[in-house]
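Participant: My questions concern the predicted model and sequence given below.
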Amino acid sequence: MSNVLGYDQVAVFADAKAADYAALSDRIWDMPELAFEEFRSVAEHIEIMEKEGFHITRNIAGIETAFIAEWGQAGPVIGFLGEFDALAGLSQDADTLEAATATPGANGHGCHHNLLGAASLLAAVALRDAVAAAGVQAKIRYYGCPAEEEGSGKTFMARAGAFDDLDAAFCWHPASFNAVMSSSTLAVVDVNARFTGRSAHAAMAPHVGRSALDAVELMNVGINYMREHMPSDARIHYAITDAGGKAANVVQARAEGTYVIRAPELSELTTLLKRVEKIAQGAALMTETTVETTVGSAMANIVPNRTLESAMYQNLKRCGPPPYDAEDFAYADRMRQSALSEEDIIASAKSFGGDPDFPRSLHDDILPFPETPGLLFGSTDVGDVSWIAPTAQCLMATVAIGTPFHAWQTVAQGKRPAAHKAMIVAAKVMAATGADVISDPAMLKQAKDELKKRTRGQDYLTLIPESLRSQ
């Protein structure tokens, strides 16, 4: 047996099984399922991992569509994070250049989680094959993580301790540029404010009524005034989820708003949450209503890990960008000409740190590794994992530059050969970085020390209360 374990070894095993996992991603594309309902998708993933000899643990955190596939008895515990949930209302025919579907209003993979889960699965299997061939010790895990789009699946898994003994975690995300992500994200919490008042005839006896709808409106006014007095990189979004009814001549006895609060740090988020709750109480006091505030979901900010990210960047350079061919570029050219605007291209480049003037329609290059971590203004439940174990992730170009995610254009490209090529590169890069961690105990120690330094010794904390279940 060889004691060599690195990029060359895992790449051979990934290439040997690449076609099977590309086919898996297509099957998942064909069965788009929403948060916590990914039963068929999970069954497809589990069937493959059982055939590969991985031990399956189901119902992680009491979630039917959360599972862990594990191989190995001892050594560093290396985890790969997979997702497979789709988005509502994004049904779209594949390979088209216009919005078209045979099933209007159905679900669709508008964020390419069909590719995300399949590539992470391949990374776990390729690393396992390389570890077995090299005769070294390691535990390899694939985490089947539901409900990233809506539901914070990893947050519930983290709260249940699913990642507590993990030494290092790897993941990726489909994008329009190829890069290693070295950015934090915004921590986020969703809070519902449910007001209860007293109904009355709005003309005959308005003084008898106590308007819950007035309370929601006053709460929104209070939050708007607070925006001037909170960190500039924090965010609050809202929606009136229950206006109490449609009759204007009735004083509304119930009304509800949902508020999404984001901040770069968990400590800042906790402070903002308390202030929002106080505004809700003030709105109730002004209207003589009562209010109940409840947390619906929450996600921590990503803690960058430059140690693992640097190793991942070296593996990405070793692998190179996806090997797109002439037909890949031709289709991407047609997509840009027919369905993407200049504004789309600029927004895409800004989102992923790329160049809007890149001369080709597919990014067949690699973005430079940033000198310092940045900040993305979105949120992801990968952040919760990154507080518990050193975590690194890459971005791979599965779509033409300018493609808006969470849109039909992304769904249309989800089964393209270019997307398959990108997911295979992602699998190789993740698996190779896992191999580096197994082969180099000093790297693992450095990554763990960095995590402690970046979190300033704070323990992982979720804002989701223990009473709140995932479904």
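Facilitator: Perfect, I can see it now.

Participant: what are the ranges of the strands in this structure?
Facilitator: In the chain, the segments counted as strands under DSSP state E are 55-57, 67-71, 77-83, 139-145, 168-175, 179-181, 183-184, 187-196, 235-242, 254-263, 290-299, 374-375, 391-397.

Participant: isn't residue 86 right next to residue 116, touching?
Facilitator: No: checked against C-beta atoms under 8 Å, the pair residue 86 and residue 116 is beyond contact range at 11.3 Å. Using the backbone N, CA and C atoms, a C-beta is placed for each residue, glycine as well.

Participant: follow-up on the earlier one: mind telling me which of the strands of the chain the model trusts least?
Facilitator: Of all the strands of the chain, the minimum mean pLDDT falls on strand 374-375 (a mean of 88).

Participant: chain center to that one, what's the gap?
Facilitator: Offset of strand 374-375 from its chain centre (C-alpha atoms, centre = their mean, to the nearest Å): 16 Å.

Participant: Hmm, residue 349 and residue 355 touching each other?
Facilitator: Yes: Residue 355 lies in contact with residue 349 (C-beta under 8 Å); the separation is 6.0 Å.

Participant: So for these two, which sits in the more crowded spot?
Facilitator: Remark: of residue 355 and residue 349, residue 349 carries more neighbours, 19 against 12, as counted by other C-beta atoms under 10 Å.

Participant: Contact partners for the nearest residue to that one once chain neighbours are set aside?
Facilitator: Residue nearest to residue 349 in three dimensions, not counting chain neighbours: residue 356, with 3.9 Å by C-beta to C-beta, 6 or more residues apart in numbering. Counting by C-beta atoms under 8 Å, 6 or more residues apart in numbering, residue 356 makes contact with 345-346, 348-350, 401.

Participant: what distance separates stretch 399-412 from the centre of its chain?
Facilitator: The answer for stretch 399-412 is 16 Å, by C-alpha atoms, centre = their mean.

Participant: State the mean pLDDT of it.
Facilitator: Stretch 399-412 shows a mean pLDDT of 97.

Participant: sorry, back to before: mind checking which of the contacts of residue 356 are in helices?
Facilitator: Judged by DSSP state H, these include 345-346, 348-350 as members of helices.

Participant: neighbour-wise, which of those residues leads?
Facilitator: For the ones in helices among the contacts of residue 356, neighbours tallied by other C-beta under 10 Å; top is residue 348, 23 neighbours.

Participant: In the chain, mark out all the helices, start to finish.
Facilitator: Under DSSP H, the chain gives helices at 7-30, 39-51, 113-134, 153-159, 212-226, 266-287, 306-319, 326-339, 342-352, 382-388, 408-412, 417-439, 441-454.

Participant: what about these, which gets the closest to residue 90?
Facilitator: Among these, the nearest to residue 90 by C-beta to C-beta is helix 408-412 (5.4 Å).

Participant: ok, residues contacting the closest one?
Facilitator: Contact with helix 408-412 is made by 90-97, 99, 101, 108-112, 174, 335, 339-340, 399, 403-404, as judged by C-beta under 8 Å, 6+ apart.

Participant: Select only the buried ones of those residues in ChimeraX?
Facilitator: Buried members of the contacts of helix 408-412, defined by 16 or more other C-beta atoms under 10 Å, are picked up in ChimeraX with:
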select :90,91,92,96,101,108,109,110,111,112,174,335,339,340,399,403,404
